[in-house]
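S.K.: With the input below, show me the fold.
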Amino acid sequence: MFEKVNPSHPDKMADRIAGAVVDLAYKAETDPKIAVEVLNGHGQGHVIIETSAKLDKEDIAAVIHRIAGDIRADIQIVPQDAILAENQSVNVHCGDNGIFKGMPVTEEQKALSKIARDIYSVYPYDGKYIIDQARLIICQSNAKSVHLRETYRGAEINPLGDWTGGTDVDTGATNRKLGSDMADSVTGGGLHGKDLSKADVSVNIYAFLKAQETGKPVELCCAIGDDSVDGVPYAEIVEVARNYIQSIGGFEKFAEWGLV
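M.R.: Here you go, the predicted model:
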(Lines give C-alpha, C1' and ligand atoms only; values in the text may rest on other atoms or scores of the structure.)
Protein backbone atom coordinates (compact mmCIF):
# COMPACT_ATOMS: atom_id res chain seq x y z
CA MET A 1 0.00 0.00 0.00
CA PHE A 2 1.43 3.37 -1.01
CA GLU A 3 0.25 6.92 -1.70
CA LYS A 4 2.09 9.32 -4.01
CA VAL A 5 1.38 13.01 -4.57
CA ASN A 6 2.80 15.12 -7.38
CA PRO A 7 4.79 18.39 -7.27
CA SER A 8 1.67 20.55 -7.74
CA HIS A 9 -0.10 19.21 -4.65
CA PRO A 10 -0.33 22.12 -2.17
CA ASP A 11 1.84 20.31 0.41
CA LYS A 12 4.49 19.62 -2.21
CA MET A 13 4.35 23.24 -3.34
CA ALA A 14 5.21 24.16 0.25
CA ASP A 15 8.08 21.66 0.21
CA ARG A 16 9.31 23.08 -3.10
CA ILE A 17 9.24 26.65 -1.80
CA ALA A 18 11.20 25.57 1.27
CA GLY A 19 13.68 23.69 -0.92
CA ALA A 20 14.12 26.65 -3.26
CA VAL A 21 14.89 28.92 -0.29
CA VAL A 22 17.52 26.43 0.89
CA ASP A 23 18.98 26.53 -2.64
CA LEU A 24 19.24 30.32 -2.30
CA ALA A 25 21.10 29.88 0.99
CA TYR A 26 23.58 27.49 -0.64
CA LYS A 27 24.19 30.05 -3.37
CA ALA A 28 24.98 32.62 -0.68
CA GLU A 29 27.21 30.35 1.44
CA THR A 30 29.04 27.04 1.01
CA ASP A 31 27.59 25.51 4.17
CA PRO A 32 24.70 27.68 5.37
CA LYS A 33 22.57 26.89 8.38
CA ILE A 34 18.90 27.21 7.56
CA ALA A 35 15.46 25.90 8.49
CA VAL A 36 12.35 26.93 6.54
CA GLU A 37 8.67 26.43 7.30
CA VAL A 38 5.98 27.21 4.73
CA LEU A 39 2.19 27.45 4.95
CA ASN A 40 0.32 28.45 1.82
CA GLY A 41 -3.22 28.49 0.56
CA HIS A 42 -6.20 30.63 -0.38
CA GLY A 43 -4.13 33.58 -1.56
CA GLN A 44 -1.62 33.53 1.29
CA GLY A 45 1.98 32.33 1.45
CA HIS A 46 3.66 32.39 4.86
CA VAL A 47 7.37 31.58 5.08
CA ILE A 48 9.45 31.62 8.29
CA ILE A 49 13.21 31.25 7.87
CA GLU A 50 15.86 30.71 10.54
CA THR A 51 19.25 31.10 8.90
CA SER A 52 22.87 32.17 9.03
CA ALA A 53 22.77 33.19 5.35
CA LYS A 54 22.07 36.67 4.04
CA LEU A 55 18.92 36.32 1.96
CA ASP A 56 16.94 38.89 -0.01
CA LYS A 57 13.19 38.96 0.62
CA GLU A 58 12.58 39.89 -3.02
CA ASP A 59 14.31 36.68 -4.13
CA ILE A 60 12.18 34.67 -1.71
CA ALA A 61 8.99 36.37 -2.88
CA ALA A 62 9.94 35.51 -6.46
CA VAL A 63 10.27 31.85 -5.43
CA ILE A 64 6.84 31.89 -3.77
CA HIS A 65 5.17 33.43 -6.83
CA ARG A 66 6.95 31.14 -9.29
CA ILE A 67 5.79 28.02 -7.45
CA ALA A 68 2.47 29.01 -5.86
CA GLY A 69 1.26 31.74 -8.21
CA ASP A 70 -0.13 35.18 -7.46
CA ILE A 71 -0.46 34.98 -3.67
CA ARG A 72 0.53 37.40 -0.92
CA ALA A 73 4.06 36.67 0.27
CA ASP A 74 4.50 36.99 4.04
CA ILE A 75 8.19 36.43 4.83
CA GLN A 76 9.98 36.44 8.17
CA ILE A 77 13.75 35.92 8.43
CA VAL A 78 15.44 35.51 11.81
CA PRO A 79 18.97 34.43 12.85
CA GLN A 80 19.59 30.83 13.80
CA ASP A 81 19.66 30.18 17.53
CA ALA A 82 23.13 30.89 18.94
CA ILE A 83 23.43 27.53 20.73
CA LEU A 84 22.51 25.64 17.57
CA ALA A 85 24.98 27.70 15.58
CA GLU A 86 27.76 26.95 18.09
CA ASN A 87 27.20 23.21 17.57
CA GLN A 88 28.64 23.56 14.04
CA SER A 89 31.25 26.26 14.75
CA VAL A 90 34.37 24.04 14.65
CA ASN A 91 33.53 20.66 13.08
CA VAL A 92 30.49 19.10 11.42
CA HIS A 93 28.29 17.55 14.08
CA CYS A 94 24.84 16.02 14.01
CA GLY A 95 22.43 18.94 13.87
CA ASP A 96 19.49 17.37 15.71
CA ASN A 97 18.21 14.42 17.71
CA GLY A 98 16.44 11.87 15.59
CA ILE A 99 15.37 8.34 14.73
CA PHE A 100 15.59 7.06 11.17
CA LYS A 101 14.57 3.86 9.38
CA GLY A 102 15.52 3.40 5.74
CA MET A 103 13.51 0.76 3.87
CA PRO A 104 14.04 -0.81 0.44
CA VAL A 105 11.50 0.44 -2.08
CA THR A 106 9.13 -2.30 -3.30
CA GLU A 107 8.22 -3.01 -6.91
CA GLU A 108 4.66 -1.87 -6.18
CA GLN A 109 5.96 1.46 -4.87
CA LYS A 110 8.22 1.90 -7.88
CA ALA A 111 5.25 1.20 -10.16
CA LEU A 112 3.06 3.86 -8.53
CA SER A 113 5.88 6.37 -8.56
CA LYS A 114 6.21 5.86 -12.32
CA ILE A 115 2.45 6.18 -12.82
CA ALA A 116 2.48 9.47 -10.89
CA ARG A 117 5.33 10.85 -12.98
CA ASP A 118 3.76 9.69 -16.25
CA ILE A 119 0.42 11.34 -15.44
CA TYR A 120 2.12 14.53 -14.24
CA SER A 121 4.07 14.80 -17.49
CA VAL A 122 0.70 15.15 -19.26
CA TYR A 123 -1.30 16.92 -16.54
CA PRO A 124 1.07 19.16 -14.49
CA TYR A 125 -1.59 19.94 -11.89
CA ASP A 126 -2.49 18.87 -8.36
CA GLY A 127 -2.86 15.09 -8.09
CA LYS A 128 -2.55 12.11 -5.75
CA TYR A 129 -2.44 8.39 -6.39
CA ILE A 130 -2.82 5.22 -4.28
CA ILE A 131 -1.92 1.60 -4.95
CA ASP A 132 -3.15 -1.20 -2.68
CA GLN A 133 -2.35 -4.58 -4.24
CA ALA A 134 -5.00 -4.88 -6.98
CA ARG A 135 -6.55 -1.46 -6.30
CA LEU A 136 -5.28 1.65 -8.11
CA ILE A 137 -6.84 5.01 -7.23
CA ILE A 138 -6.04 8.07 -9.36
CA CYS A 139 -7.16 11.55 -8.36
CA GLN A 140 -5.90 14.03 -10.95
CA SER A 141 -7.16 17.59 -11.20
CA ASN A 142 -7.70 19.43 -14.47
CA ALA A 143 -7.96 16.16 -16.39
CA LYS A 144 -10.84 14.43 -18.08
CA SER A 145 -11.61 11.22 -16.20
CA VAL A 146 -12.60 9.52 -19.46
CA HIS A 147 -9.10 10.06 -20.86
CA LEU A 148 -7.42 8.58 -17.77
CA ARG A 149 -9.73 5.54 -17.88
CA GLU A 150 -8.58 4.82 -21.43
CA THR A 151 -4.97 4.57 -20.22
CA TYR A 152 -5.47 3.03 -16.75
CA ARG A 153 -8.19 0.47 -17.32
CA GLY A 154 -9.67 -0.91 -14.11
CA ALA A 155 -8.37 2.00 -11.99
CA GLU A 156 -10.67 4.11 -9.85
CA ILE A 157 -10.48 7.55 -11.46
CA ASN A 158 -11.53 10.77 -9.68
CA PRO A 159 -14.15 9.17 -7.38
CA LEU A 160 -15.99 12.50 -6.91
CA GLY A 161 -15.76 13.42 -10.59
CA ASP A 162 -13.57 15.86 -12.49
CA TRP A 163 -12.06 18.53 -10.23
CA THR A 164 -9.70 21.47 -10.01
CA GLY A 165 -7.12 21.53 -7.24
CA GLY A 166 -4.27 23.65 -5.98
CA THR A 167 -4.07 26.21 -3.22
CA ASP A 168 -7.53 27.66 -3.98
CA VAL A 169 -8.97 24.32 -2.82
CA ASP A 170 -6.53 23.19 -0.13
CA THR A 171 -3.73 24.50 2.05
CA GLY A 172 -0.17 23.22 1.93
CA ALA A 173 2.44 22.85 4.67
CA THR A 174 6.07 21.78 4.72
CA ASN A 175 6.80 18.08 5.35
CA ARG A 176 3.17 17.00 5.46
CA LYS A 177 3.59 14.34 2.75
CA LEU A 178 6.51 12.31 4.09
CA GLY A 179 4.72 9.04 3.32
CA SER A 180 4.73 10.03 -0.35
CA ASP A 181 8.40 11.01 -0.16
CA MET A 182 9.73 8.01 1.79
CA ALA A 183 7.33 5.06 1.22
CA ASP A 184 7.90 2.61 4.12
CA SER A 185 10.89 4.50 5.52
CA VAL A 186 10.33 6.25 8.86
CA THR A 187 11.63 9.46 10.34
CA GLY A 188 11.06 11.51 13.45
CA GLY A 189 11.56 14.73 11.48
CA GLY A 190 11.06 16.13 8.00
CA LEU A 191 13.11 16.03 4.81
CA HIS A 192 12.55 19.48 3.41
CA GLY A 193 13.53 23.06 4.14
CA LYS A 194 16.77 22.33 6.01
CA ASP A 195 20.50 22.43 5.39
CA LEU A 196 22.71 19.36 5.22
CA SER A 197 23.91 19.60 8.83
CA LYS A 198 20.39 18.65 9.90
CA ALA A 199 20.00 14.92 10.56
CA ASP A 200 16.46 15.08 9.18
CA VAL A 201 18.04 15.64 5.78
CA SER A 202 21.40 13.89 5.78
CA VAL A 203 20.76 10.85 7.99
CA ASN A 204 17.43 10.19 6.28
CA ILE A 205 19.10 10.22 2.87
CA TYR A 206 22.01 8.10 4.15
CA ALA A 207 19.69 5.48 5.71
CA PHE A 208 17.47 5.35 2.62
CA LEU A 209 20.38 4.91 0.20
CA LYS A 210 21.98 2.26 2.41
CA ALA A 211 18.68 0.34 2.50
CA GLN A 212 18.51 0.37 -1.30
CA GLU A 213 22.12 -0.83 -1.48
CA THR A 214 21.74 -3.66 1.04
CA GLY A 215 18.11 -4.57 0.36
CA LYS A 216 17.52 -4.57 4.12
CA PRO A 217 16.04 -2.13 6.67
CA VAL A 218 18.52 0.33 8.18
CA GLU A 219 17.65 1.70 11.64
CA LEU A 220 19.65 4.59 13.12
CA CYS A 221 19.39 7.12 15.89
CA CYS A 222 21.52 10.13 16.78
CA ALA A 223 21.79 12.95 19.29
CA ILE A 224 22.51 16.56 18.53
CA GLY A 225 26.26 17.08 18.69
CA ASP A 226 27.22 13.50 17.67
CA ASP A 227 30.33 13.41 15.51
CA SER A 228 29.47 9.99 14.05
CA VAL A 229 26.38 7.92 13.26
CA ASP A 230 26.36 4.20 12.47
CA GLY A 231 30.13 4.24 13.02
CA VAL A 232 30.53 6.73 10.15
CA PRO A 233 31.85 10.27 10.71
CA TYR A 234 28.96 12.70 10.48
CA ALA A 235 30.91 14.77 7.96
CA GLU A 236 30.94 11.75 5.61
CA ILE A 237 27.18 11.32 5.98
CA VAL A 238 26.72 14.98 5.09
CA GLU A 239 28.82 14.47 1.94
CA VAL A 240 26.73 11.43 0.93
CA ALA A 241 23.62 13.59 1.22
CA ARG A 242 25.28 16.53 -0.55
CA ASN A 243 26.25 14.35 -3.50
CA TYR A 244 22.72 12.97 -3.72
CA ILE A 245 21.11 16.42 -3.63
CA GLN A 246 23.53 17.71 -6.26
CA SER A 247 22.89 14.68 -8.47
CA ILE A 248 19.17 15.48 -8.73
CA GLY A 249 19.59 19.23 -9.19
CA GLY A 250 19.22 20.78 -5.74
CA PHE A 251 16.86 21.00 -2.79
CA GLU A 252 13.84 22.20 -4.76
CA LYS A 253 14.19 19.27 -7.17
CA PHE A 254 14.51 16.96 -4.16
CA ALA A 255 11.26 18.37 -2.79
CA GLU A 256 9.33 17.64 -5.99
CA TRP A 257 9.19 13.86 -5.54
CA GLY A 258 11.20 13.07 -2.38
CA LEU A 259 13.19 9.84 -2.20
CA VAL A 260 10.77 7.55 -4.08
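
S.K.: ok now the longest helix along the chain, how far from the chain's centre?
M.R.: Once the chain is assigned using DSSP state H, the helix that runs over the most residues is helix 10-28. From the chain centre to the centre of helix 10-28 is a distance of 9 Å (Cα atoms, centre = their mean, to the nearest Å).

S.K.: Can you mark which positions in it are buried?
M.R.: For helix 10-28, the neighbour count (16 or more other Cβ atoms under 10 Å) marks 10-26, 28 as buried. Quick note: C-beta positions are derived from backbone N, CA and C, even for glycine.

S.K.: cool, and stretch 27-35?
M.R.: Result for stretch 27-35 [16+ other Cβ under 10 Å]: buried residues Ala28, Pro32, Lys33, Ile34, Ala35.

S.K.: gap between the nearest residue to Asn91 once chain neighbours are set aside and Ser8?
M.R.: Closest residue to Asn91 apart from its sequence neighbours, by Cβ to Cβ, 6 or more residues apart in numbering: Asp227 at 6.7 Å. Distance, Asp227 to Ser8, using Cβ to Cβ, to the nearest Å: 40 Å.

S.K.: more crowded one of those two?
M.R.: Ser8 (22 against 11; other Cβ atoms under 10 Å).

S.K.: my read: that one touches Ile119, true?
M.R.: No. Between Ser8 and Ile119 there is no contact under Cβ atoms under 8 Å: 11.2 Å.

S.K.: So for those two, which residues contact both of them?
M.R.: Gly127 (Cβ atoms under 8 Å, 6 or more residues apart in numbering).

S.K.: which outside residues touch stretch 244-254?
M.R.: Residues from elsewhere that reach stretch 244-254 (Cβ under 8 Å, 6+ apart): Arg16, Ala18, Gly19, Ala20, Val22, Asp23, Tyr26, Leu191, His192, Leu196, Ile205, Leu209.

S.K.: So for that stretch, mean pLDDT?
M.R.: For stretch 244-254, the mean per-residue pLDDT is 98.

S.K.: same deal with stretch 1-12?
M.R.: Averaged across stretch 1-12, the pLDDT comes to 98.

S.K.: ends of that stretch, how far apart?
M.R.: Using Cα to Cα, to the nearest Å, the end-to-end distance of stretch 1-12 comes out at 20 Å.

S.K.: Stretch 97-114 now?
M.R.: In terms of Cα to Cα, the two terminal residues of stretch 97-114 are separated by 33 Å.

S.K.: got it, and stretch 128-144?
M.R.: Taking Cα to Cα, stretch 128-144 runs 15 Å from one end to the other.

S.K.: Offset the numbering so it begins at 157, please.
M.R.: Sure thing, new numbering starts at 157, so read that last one as stretch 284-300.

S.K.: Pull out the buried residues from it.
M.R.: Lys284, Tyr285, Ile286, Ile287, Leu292, Ile293, Ile294, Cys295, Gln296, Ser297, Ala299.

S.K.: What is the three-state secondary structure of the first one?
M.R.: So the one you mean is Lys284. Under DSSP: H, G, I helix; E, B strand; the rest coil, Lys284 falls in the strand class.

S.K.: so what's Ser358 closest to, chain neighbours aside?
M.R.: Distances taken as Cβ to Cβ, 6+ apart place Ala397 nearest to Ser358, at 3.8 Å, with adjacent residues excluded.

S.K.: so which helix or strand takes in that neighbour?
M.R.: Element membership of Ala397 [criterion: DSSP states H and E] is helix 390-404.

S.K.: Tell me what angle that helix forms with helix 166-184.
M.R.: Put simply, helix 390-404 runs at 110 degrees to helix 166-184, going by axes from the mean of the first three to the mean of the last three Cα atoms, to 10 degrees.

S.K.: Which positions in helix 390-404 come out as buried?
M.R.: Tyr390, Ile393, Val394, Val396, Ala397, Arg398, Tyr400, Ile401.

S.K.: Perfect, that will be all.
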